[in-house]
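Engineer: make a model of this:
(chains A and B)
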Amino acid sequence: MRVEVSAAIDELRRQFSGASFNVREDGQGGAYVVMEPVSLGPRYRPESTWVGFQIPAQYPYADIYPVFIGAECCRLDGVAFAAPVTPGHQFEGRNAIQVSRRSGAAQSGSQKAAGKILKILDFLDKLP
Amino acid sequence: MINKCQIRFAREDFDALKDHLFPGDRDEHGAVLLAGTARPGGRLTLYVREVHPAREGLDYVKGKIGYRALHPTFIHKLITRARDQELAYLAVHNHEADRTVGFSQIDVGSHERGYPALLQIARGMPVGAIVVGHRSLQADIWTGDGGRLELDEAVIVGNTIQRLTPSPSKGPPPAPAMFDRQVRLFGQTGQMELARCHVGIVGLGGLGSLVAEYLARLGVGHFQLIDADVVEESNLSRIVGASLSDAAKQHKKVDVARRLILQANPRAKVQVIIDDVAKDSVARQLAINDYLFLAADSMRARLVFNAVVHQYLIPGVQMGSKIVSDENGAVVDVLSVNRPVRPGHGCLWCNQLIDSTALASEAKSDTERRAQAYGVEEPNPSVIALNAVSAAHGVNDFMLDYLGLRPEPDLLRYEHFNFLRRARTLVEPRRTTDCSECSRGGQRYGRADSIPLPTIDG
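Structural biologist: Sure, this is the predicted structure:
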């Protein structure tokens, strides 16, 4: 695993200290990461789920994209997910909902793995 | 055993050094350079990252034995910085010499008194001295393993490429008759420089194969060809030298290019690498080259190429052609592009020509991309004549700049050919002052082997 990827996972462990981590190397120097439980907040049922993603070997140049959450999640208000949040996917053998949000921060060199995941969670929290 | 070394400068750094050393007073002046190190092909190469002019009377003072000397405080500050940054330490002064320059006995005596102690402080990093003449340069480099090297050549990389040696080389041997017409442009010396030149070509498809043929017929002597792909029938409209038989037998593109090169120039030495340039073991090999041609269209390749240019101070060009259609299939743009990349002159990263999401996508298998609804992209349209424009301009620029056949321009520019608009546009690349990849204060510039490349495992 590349040093930058390993450091990103350490940073995630610090940020999401209540979660357990399942990390599998991708064979290129990157890693597949699943962390759970992660809170999506009161707008969702269940409120907590797992979050998964690949950190590519060329991180932080390469974006962490897309990000997956548990397929069992739904909105409390009953509104169905629509692109860029799309159900019907799989990640690391789990049924998943895919969240496709590009990071503008990567190009400026300021991308951080924990920041990216927090932005995804914020995006989900503020979905109209 | 190789007992010569090479020093590589970016043009701006060398000009700053020359301006400090030769202000017009015909006196002696001093400076210190800190440089990354690597041994491509077994030869120690020093990549100048930092230029520290010695201030007259403060950092460069009257010597106890020689005429002048660097002040001990100045030396200590920079030798410890070199050690901490894993850079070589090079003390510089000038002689009022023209095309032949060398160290005096007093200079050599001072090296022999001082450099054993500096080597200890440097903890394995090379230390040494450089003496600069108006059109010449010599070095005395001490290495941690007890080696002592003089200069083979210094290479100054701007838009144009300049080479300096301690003294003029002997006259070149007559070039073979096949090069007679172009020798009338380059001269025998230029033809010899091409024969000595190592070029790396990344991507040997429609564009890279043309580049390979043009360079071979120019008389370039050393090729490093990198591509993992095989020839397919759909490539035959563009890959020069490829046949139906190559497609049927799934010959590698690099092997077809090697055959083409050797047909054009049987003296050429060709190294083929059937692999992905994004792999670390492959990318590291690019450092042996004098000039790089990027003719592959992946973002991974762009990221690695861009890093090698700045980390090893190697000039290069990113080349390509593109046909853009709208949602109804109507052609809206037909482009060929050449983007020269030079150390310290902006880069593909800070000009946002390396897409982060595409990098993420390229890290996935086709199956993952399909499952994640990225879609597996349809091949883009591609036409040999568009590739030929990019190849011809890229090789012309190499020929004129590598051989110093035109003056250094004020600005580096990307060249865009828009064929629908019948327009050629010159674009000045952005130069982000704090870019991690190309700025002098960034993590990569001139650091050579002391930091990793942004590669994948393998």
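Engineer: show me the shaky parts of chain A.
Structural biologist: Applying pLDDT under 70 to chain A picks out residues A:105-110.
Engineer: quick one: the helices in it?
Structural biologist: Taking DSSP state H, the helices of chain A run over residues A:3-15, A:105-108, A:113-125.
Engineer: tell me where chain B has helices.
Structural biologist: With DSSP H, the ranges of helices along chain B come out as B:11-21, B:72-85, B:105-122, B:180-196, B:206-218, B:244-248, B:253-264, B:280-283, B:299-311, B:356-362, B:366-371, B:384-402.
Engineer: format those helices as TSV; extra columns: distance to A:Ile117.
Structural biologist: (C-beta placed from N, C-alpha, C; glycine too.) Compiled in TSV, the helices of chain B are given as follows (distance: least, CB to CB, whole Å):
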stretch	distance to A:Ile117
helix B:11-21	41
helix B:72-85	33
helix B:105-122	43
helix B:180-196	52
helix B:206-218	39
helix B:244-248	46
helix B:253-264	40
helix B:280-283	27
helix B:299-311	23
helix B:356-362	14
helix B:366-371	19
helix B:384-402	40
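Engineer: before we move on, the earlier item: out of the helices of chain A, the one nearest B:Ala212 is which?
Structural biologist: With respect to B:Ala212, and counting by CB to CB, the nearest of the helices of chain A is helix A:105-108 at 32.4 Å.
Engineer: now render the helices of chain B as TSV, adding mean neighbour count and mean pLDDT.
Structural biologist: As requested, these are exported to TSV (neighbours: other CB atoms under 10 Å in any protein chain shown; pLDDT from 0 to 100):
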stretch	mean neighbour count	mean pLDDT
helix B:11-21	19	97
helix B:72-85	16	96
helix B:105-122	15	94
helix B:180-196	17	93
helix B:206-218	26	97
helix B:244-248	14	95
helix B:253-264	21	97
helix B:280-283	19	98
helix B:299-311	27	98
helix B:356-362	23	93
helix B:366-371	13	85
helix B:384-402	21	96
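Engineer: mind putting those helices into a markdown table with distance to chain A?
Structural biologist: Listed next are the helices of chain B as a markdown table, based on distance: least, CB to the nearest CB, whole Å:
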| stretch | distance to chain A |
| --- | --- |
| helix B:11-21 | 22 |
| helix B:72-85 | 18 |
| helix B:105-122 | 25 |
| helix B:180-196 | 34 |
| helix B:206-218 | 22 |
| helix B:244-248 | 29 |
| helix B:253-264 | 22 |
| helix B:280-283 | 8 |
| helix B:299-311 | 6 |
| helix B:356-362 | 4 |
| helix B:366-371 | 6 |
| helix B:384-402 | 25 |
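Engineer: the ones you listed: which one's closest to A:Gly104?
Structural biologist: Proximity to A:Gly104 (CB to CB) singles out helix B:356-362 among the helices of chain B, at 8.7 Å.
Engineer: list the helices and strands that closest one packs on?
Structural biologist: Contact analysis of helix B:356-362 by 3 or more CB pairs under 8 Å, 6 or more residues apart in numbering or on different chains; DSSP states H and E lists helix B:299-311 as its packing neighbours.
Engineer: what is the burial count for B:Val270?
Structural biologist: 20 (other CB atoms under 10 Å in any protein chain shown).
Engineer: and it, how close does it get to B:Gln224?
Structural biologist: 8 Å (CB to CB, to the nearest Å).
Engineer: got it, and B:Lys4?
Structural biologist: Applying CB to CB, the value for B:Lys4 to B:Gln224 is 21 Å.
Engineer: neighbour count winner among the two?
Structural biologist: Neighbours were counted for B:Lys4 and for B:Gln224 using other CB under 10 Å; B:Gln224 has more, 21 against 13.
Engineer: so what's that one up against?
Structural biologist: Residues in contact with B:Gln224 (CB atoms under 8 Å, 6 or more residues apart in numbering or on different chains) are B:198-201, B:271, B:273, B:285-286, B:288-289.
Engineer: I'd say B:Arg406 and B:Phe398 touch.
Structural biologist: No: using CB atoms under 8 Å, B:Arg406 makes no contact with B:Phe398, being 11.9 Å away.
Engineer: up against chain B, what does chain A have?
Structural biologist: A:2-3, A:26-30, A:54, A:56-58, A:61-66, A:86, A:89-90, A:98, A:102-103, A:106-107, A:109, A:111 (CB under 8 Å from any CB of the partner chain).
Engineer: many thanks, have a good one.
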